[in-house]
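Novice: Any chance you can model this:
(one chain, ligands or ions: 1)
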Amino acid sequence: MPVFPTVAHQPKGNAAVSMHVPVHPVWTCAACGRPWPCPSRQRQLLAEYTDARVSLLVFLSACFVQACADFGTTPAGVLYRRFLAWPHEMPIDPDR
Ligand SMILES: [Zn+2]
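Specialist: Numbering: from 1, shown residues only. A predicted model of the protein is given here:
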């Protein structure tokens, strides 16, 4: 049974539905074909979870666990950097 959450966080009221969703089990972006989360989706997720960084990390953790199962032989460190490290490397909105 997949652990990928269907709803981990309610986006802000004016958040649009993203086209940058993962294609399973290869975890490429359905919109741009880049590895998911692509840069566009990363920016969207940061905006959607502006006041809920812990919720963002819970969501990404579930994605990470599912990706570990889907990729099998890919080292966990590689997937950790892809799914969980990037929010720590991106600045918090400087206008806040
Ligand atoms: Zn994309």
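
Novice: What values do phi and psi take at residue 23?
Specialist: The phi and psi torsions at residue 23 (degrees, to the nearest 10) take the values phi -100, psi 120.

Novice: Show me what it is bridged to.
Specialist: The residues listed as beta-bridge partners of residue 23 by DSSP bridges are residue 28.

Novice: How many neighbouring residues does it have?
Specialist: If you count neighbours by other Cβ atoms under 10 Å, residue 23 ends up with 12. Just so you know, the C-beta spots here come from the backbone N, C-alpha and C atoms, and that holds for glycine as well.

Novice: Test my guess that it contacts residue 30.
Specialist: Yes - the pair formed by residue 23 and residue 30 meets the contact definition of Cβ atoms under 8 Å, at 5.2 Å.

Novice: The ion contacts on this structure?
Specialist: With Cβ under 5 Å from the ion as the criterion, the chain meets the ion at residues 20, 29, 31, 32, 38, 40.
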